[in-house]
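Asker: Fold the following and give me the result.
(one chain, ligands or ions: 2)
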Amino acid sequence: MSRTRQGRVVWFTGLSGAGKTTLAQALYQELVDQGEQVELLDGDAVRENLSKGLGFSKADRDTNVRRIAFVAGLLARHGVTVLVSAISPYRDTRDQVLSELPNALEVFVDAPLDVVTQRDVKGLYEKALRGEIQHFTGVNDPYEAPLKADIHLKTDEISVQEGLQRLLSALGVQHGEVARV
Ligand SMILES: Nc1ncnc2c1ncn2[C@@H]1O[C@H](COP(=O)(O)OS(=O)(=O)O)[C@@H](OP(=O)(O)O)[C@H]1O
Ligand SMILES: Nc1ncnc2c1ncn2[C@@H]1O[C@H](COP(=O)(O)OP(=O)(O)O)[C@@H](O)[C@H]1O
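Answerer: Ligands and ions are numbered 1, 2, ... in the order given. From the prediction side, this is the model:
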């Protein structure tokens with residue numbers, strides 16, 4: 001009986017609106033098209049299900065991140081490539097869960113606060129800046145950037161396509177085939 005290979009976990013961290021979901025979805029589609037077994041754990045969807053009821057205190061965010069990492073680890077153990085898209089703002093917790101996942105890559109999806117405020121994809125920055133949302137990351141709650149991410153994508157400087165190419169080459173995807181580990 002052949003052993004299942006360990007799947008990778010690609011963990012996207014960054015401010016709301018930085019481009020985590022956009023890039024994770026683009027990578028997801030590319031890997032699906034190439035026949036890869038892949039799952040996307042997106043912060044918003046996780047919070048509607050697995051983490052329903054959690055808020056945005058440090059304790060709740062850490063619980064959310066640990067739950068995501070737990071599920072990612074289970075899937076990866078069965079050979080699935082897992083893409084995680086979550087702000088995951090606290091370096092200590094992020095570092096801890098990533099170090100416990102056997103085959104993880106940290107992707108820092110980086111855009112300055114003025115750019116994400118300008119994008120304001122969901123209108124949340126406007127509300128946070130008006131004081132209508134407490135503990136909003138980057139406005140009145142911390143975001144601790146990775147000190148040494150495996151992949152650092154400055155989404156105000158490169159296009160989504162360029163970001164996707166950087167991700168694919170970091171994963172060793174060549175000529176329509178995903179590198180095995
Ligand atoms: N206070 C506050 N701070 C940050 N974000 C907020 C907040 N309230 C709601 N939202 C929305 O929730 C999404 C972030 O959820 P995450 O699970 O990724 O956050 S965390 O990792 O637990 O910190 C985030 O989604 P993204 O914009 O996709 O990042 C927001 O839409
Ligand atoms: N280079 C880029 N990479 C990713 N997203 C980008 C880029 N340039 C502009 N955007 C835009 O920024 C927004 C990011 O939103 P989203 O992916 O939902 O962010 P997040 O998941 O981090 O909250 C989208 O509207 C996307 O089209």
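Asker: Enumerate the residues of this structure near ligand 2.
Answerer: 14, 16-23, 85, 109, 119, 121, 155, 158-160, 163 (C-beta under 6 Å from any ligand atom). All C-beta atoms are positioned from the backbone trio N, CA, C, and that covers glycine.
Asker: near ligand 1 at all, the helix ranked longest in the chain?
Answerer: Longest helix in the chain by number of residues (criterion: DSSP state H): helix 58-77. Yes. Using C-beta under 6 Å from any ligand atom, helix 58-77 reaches ligand 1 at 61, 64, 65.
Asker: ranges for the helices of this structure?
Answerer: According to DSSP H, the helices that the chain contains are 20-33, 43-48, 58-77, 91-100, 113-119, 124-129, 160-170.
Asker: Name all residues that make contact with the residue in the chain positioned nearest to ligand 1.
Answerer: Minimum separation of the chain from ligand 1 (C-beta to the nearest ligand atom) falls at residue 43, amounting to 2.5 Å. Residue 43 makes contact with 20, 21, 64, 68, 85, 86, 87 under the criterion C-beta atoms under 8 Å, 6 or more residues apart in numbering.
Asker: can you count the residues close to the nearest residue to the second one once chain neighbours are set aside?
Answerer: With C-beta to C-beta, 6 or more residues apart in numbering as the measure, residue 85 is the residue that lies nearest to residue 21, at 5.1 Å, once sequence neighbours are left out. Number of residues near residue 85 (other C-beta atoms under 10 Å) recorded here: 29.
Asker: Report the beta-bridge partner residues of residue 85.
Answerer: residue 12, residue 42 (DSSP bridges).
Asker: Next: residue 104.
Answerer: residue 9.
Asker: thinking again about what came up before, and the residue of the chain closest to ligand 1, what's its pLDDT?
Answerer: Note on residue 43: pLDDT of 92.
Asker: Equivalent analysis for residue 5, please.
Answerer: 88.
Asker: Please apply the same query to residue 173.
Answerer: Residue 173 is assigned 86 on the pLDDT scale.
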